[in-house]
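Novice: Structural data only, the sequence is not supplied:
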């Protein structure tokens, strides 16, 4: 007669101090619709801001800020990073801040070379006319 081994599972999945959420984290339906409504509102705001002339730099900055907020909402709530370890959330937002820092340095650096680029384009235009 073969003996059957029994597998015992802990009564509480969090008893060992693990921060395990299982397969999925359920969100209340009101929260899903609230985040969806906020994303739609931010999309409408993005489209409506384009009717104002803030200059090429201003429009780009406003669009990037709104896009960053929308990405943070999607990652936080729809991808459940909000309920994950807080270190992961801090790591995500820190990487976004560094990306903004590096892009802002690249955008401000471009202004220094505008005169040289315009002079080059004018010289090329004169050569093409001959």
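Specialist: That came in fine, so what should we check first? Keep in mind it's a predicted model, so treat the numbers as computed, not measured.

Novice: hey, which helix is longest across the chain?
Specialist: Identified as the longest helix of the chain according to DSSP state H is helix 86-110.

Novice: so what's the spatially most central residue of the chain up against?
Specialist: Note on the chain: the residue nearest the mean C-alpha position is residue 71, at 3.3 Å, using C-alpha atoms, centre = their mean. Residues in contact with residue 71 (C-beta atoms under 8 Å, 6 or more residues apart in numbering) are residue 96. (Glycine included, C-beta is placed from N, CA and C.)

Novice: which element is it on?
Specialist: Element membership for residue 71 (DSSP states H and E) is helix 55-73.

Novice: And that helix, how far out from the chain middle?
Specialist: Computed by C-alpha atoms, centre = their mean, to the nearest Å, the chain-centroid distance of helix 55-73 equals 10 Å.

Novice: on that earlier part again, and the contacts of the longest helix of the chain?
Specialist: With C-beta under 8 Å, 6+ apart, helix 86-110 has contacts from 57, 60, 64, 68, 71, 72, 75, 76, 81, 82.

Novice: Can you say which of the residues you listed are buried?
Specialist: The neighbour count (16 or more other C-beta atoms under 10 Å) marks 72, 75, 76, 81, 82 as buried among those.

Novice: Give me the nearest residue to the last one, chain neighbours excluded.
Specialist: In this structure, residue 82 finds its nearest non-sequential neighbour in residue 76, 4.3 Å apart by C-beta to C-beta, 6 or more residues apart in numbering.
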